[in-house]
Every structure is written in C-alpha cells, then in structure tokens.
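**Q** what follows is a predicted structure for the sequence shown.
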Amino acid sequence: MRQEGEEKPDIVYRGGNNTLNNFTPAPKDLKPGKGGKDDYGLSTFRTHDQATQGQGGKSQELDLNKIREMGFFVFERGDGHVAIRPMTDEEFKTWTATKGTGVVHPRSVMVQSARVGEVRTPEVKK
C-alpha cells in the first residue's frame, strides 16, 4: 500500500522469471534498436503482452521510478519498448559481460530490487 505523498509506480514488464540472470542484459543489448542511438539496454515493455511477445507466460513488474532513483538511464521509444541501462557505456559493457556466467552483477540485483510483482497468463500453444 502506498503512503500519502508517495509517488505512484511507473510500471514496465520484463518477460521471464524472477532471476538475476533475467535481470542481466545480453551482449546483443549493446546495439541500438529501432529508436535510434539511445535505444539500447535491458529491454522492458509497457504491457505484459508485449513483454511475453503475445505468447503468455510470466513477466516481472518493475517500478521505473525506483530504477531511475538508482541512477539508471531509461529510454522509451514510443511503441512500448523501454530500455534500461547505466549512465555510461563502459558500465553497461561490464554488466552485459556477466550474462549467463553465474557471476552476480550489482546492477542485476538493483533491477531485481525494483520488482513490485509478477504477472502470469496461460502460455499460447503453437
């Protein structure tokens, strides 16, 4: 429950499980996307459906206000995609290098700490 005067959460969704590896960007996330030079980072989306690519399953709800308070740069391109990354490319490269290695990066812990819930929907059968 929010306290009086507390900011309303600004929610984005990260498809997948509540694991530190899921909150760690992959090296492919270093490349700008459709939104231009600032459109890169850990991918999140404005809706659960976007986060799960319409296939159902789990997504993790993250509060962007908390993400910003921790010093992350947030880029929203307008189609529902929201990229999260540190302020410097060097920090971002160091973070992505830990994906799948079993090494826990402090930034992954920070993102996970902004988690405020989980959404589950039935998976779409192919």
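**A** Nice, I can see it.
**Q** tell me the SS of V111?
**A** helix (DSSP: H, G, I helix; E, B strand; the rest coil).
**Q** report pLDDT for it.
**A** For V111, the model assigns a pLDDT of 98.
**Q** show me what contacts A51?
**A** 13-15, 44-45, 59 (Cβ atoms under 8 Å, 6 or more residues apart in numbering). No exception for glycine: its C-beta is placed from N, CA and C like everyone else's.
**Q** ok, the closest residue to Y40 other than its chain neighbours to F75 distance?
**A** In space, and not counting its chain neighbours, Y40 is closest to P32: 4.9 Å by Cβ to Cβ, 6 or more residues apart in numbering. From P32 across to F75, the span is 10 Å (Cβ to Cβ, to the nearest Å).
**Q** mind putting the contacts of A51 into JSON lines with pLDDT?
**A** Below are those laid out as JSON lines (pLDDT from 0 to 100):
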{"residue": "Y13", "pLDDT": "98"}
{"residue": "R14", "pLDDT": "98"}
{"residue": "G15", "pLDDT": "97"}
{"residue": "T44", "pLDDT": "97"}
{"residue": "F45", "pLDDT": "97"}
{"residue": "S59", "pLDDT": "98"}
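**Q** buried by neighbour count, from the residues you listed: which ones?
**A** Those of those that meet the buried threshold are 13-15, 44-45, 59, by 16 or more other Cβ atoms under 10 Å.
**Q** which ones among these map onto helices?
**A** Using DSSP state H, no member of the buried ones among the contacts of A51 falls in helices.
**Q** make CSV out of these and add distance to G71.
**A** Listed next are the buried ones among the contacts of A51 as CSV, based on distance: Cβ to Cβ, whole Å:
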residue, distance to G71
Y13, 22
R14, 18
G15, 24
T44, 17
F45, 22
S59, 24
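**Q** of all those residues, which comes closest to V104?
**A** For the buried ones among the contacts of A51, the residue nearest V104 by Cβ to Cβ is R14; the value is 17.0 Å.
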